Each structure stands twice: as C-alpha cells, then as structure tokens.
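> Structure here, sequence nowhere to be found:
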C-alpha cells in the first residue's frame, strides 16, 4: 500500500508540474500576442502619419478607402485562448458561413516560427475540420471563424509538431504562428 501511495503522489506531482508548465506557456503566448499587436499598431500609426502628408484630394480618397476597410476589421483585436494553449487574434471578422467541426474548409495561410519569425510555409489548403487532417492547433484555431475572416494563430508545440518537430524547417518543441484567412466552408 505504501508503494502504491507513493506512486500516486508522484503521479499527482508530475501532473501538477505539467499543468504549471502549460500555464506558463499560455502566459508566454499572451505576451507574444501583446507584442505583435503593439507592433501592428505602431505600423498603422506610421502609415496614418504618412497619409496626412499627401495633398488634400489624395487624403480624402485614402480616408474613404480606410473607412471601407475598417468596416471589415475588428474594432479592437481581441485575443482568444483556446484548448491546448492555442491563441488567436481576429483581424477581420468574416460574414460568411461559420467553420464547424466536420465542415470542409479552404484556408489561405502563411506559417512562421514564433521564436524568430522565420517563414517556413505558405499556401492554400482544404481539409475537414476536427478530423485530425492537420495539426491540432488548426482544428482548434479555425473552428468558429466565418468565411472572409482573418486570424493570427499562435500554436504551442503541444498542438503543433510536438517534440519531434518537422525537420528541416520546424525544430523540435517549436511554437508556430500562422496568419490564416478562411476562404470557404462547405
């Protein structure tokens, strides 16, 4: 009995350690998303300052275009944290059909390593959502988007390629960042 009790205590401690590590990863991902949002905001502010220097006619056209784009954009990007520490920021909320588990979706994407922003892949893919046809982070992070939506996903290794990675482009235990656009839901 004493050996079984020690074994149970050891398992409990290991589970607590793992939970603490996962929570720390979530906090790190939140910080990374904050940094990305700040950089994006600075870039938009710089762009706006440059537009103010244009002649009045060009300025008016630019403002009209900006208003049209802002209707599509999210007023203030909201960070969302999903299962397994996957997080996302919506940049454009789609108005089309919603991606649900079992739906066949078409996604345009660009993937990079979160650590150094090194791009490792980009393209277009279609898959059945929730059927493990792609990494778990995609099944988790695409669900709930609507056609036309654009989202940045930060996917920890546990929901990506894990300890093995996907050599040569994706090292072991790599956190991944994907900019995704939901093109279609069938």
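Happy to help now that I have it. Just so it is clear, the model here is predicted, and its values are computed rather than measured.
> Now do stretch 95-113: everything it contacts.
With contacts defined as CB atoms under 8 Å, 6 or more residues apart in numbering, stretch 95-113 is touched by 118-131, 138-139, 142-148, 170-171, 174-186. No exception for glycine: its C-beta is placed from N, CA and C like everyone else's.
> Flag every buried residue along it.
Residues of stretch 95-113 classed as buried by neighbour count (16 or more other CB atoms under 10 Å): 97, 99, 103, 105, 106, 107, 109, 111, 112, 113.
> Centre-most residue in the protein?
residue 153 (0.5 Å; CA atoms, centre = their mean).
> from what I can see that residue touches residue 178, true?
Yes: with contact defined as CB atoms under 8 Å, residue 153 counts as touching residue 178 (4.6 Å).
> Can you pull the residues that touch both of those two?
137, 138, 141.
> List buried residues within those residues.
Taking 16+ other CB under 10 Å as the criterion, what is buried in the shared contacts of residue 153 and residue 178 is 137, 138, 141.
> Quick check: which element contains the residue nearest to the centre of the chain?
Here residue 153 sits within strand 150-155, counting by DSSP states H and E.
> Tell me how far the next helix or strand after that strand lies from the chain's centre.
Later in the chain than strand 150-155, the nearest helix or strand by DSSP H and E is strand 176-185. Its chain's average C-alpha position is 8 Å from that of strand 176-185, according to CA atoms, centre = their mean, to the nearest Å.
> quick one: buried residues of strand 176-185?
176, 177, 178, 179, 180, 181, 182, 183, 185.
> Redo those as a markdown table? Include distance to residue 19 and pLDDT.
Compiled in a markdown table, the buried residues of strand 176-185 are given as follows (distance: CB to CB, whole Å; pLDDT from 0 to 100):
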| residue | distance to residue 19 | pLDDT |
| --- | --- | --- |
| 176 | 22 | 98 |
| 177 | 24 | 97 |
| 178 | 26 | 98 |
| 179 | 30 | 97 |
| 180 | 28 | 97 |
| 181 | 34 | 97 |
| 182 | 32 | 97 |
| 183 | 37 | 97 |
| 185 | 34 | 97 |
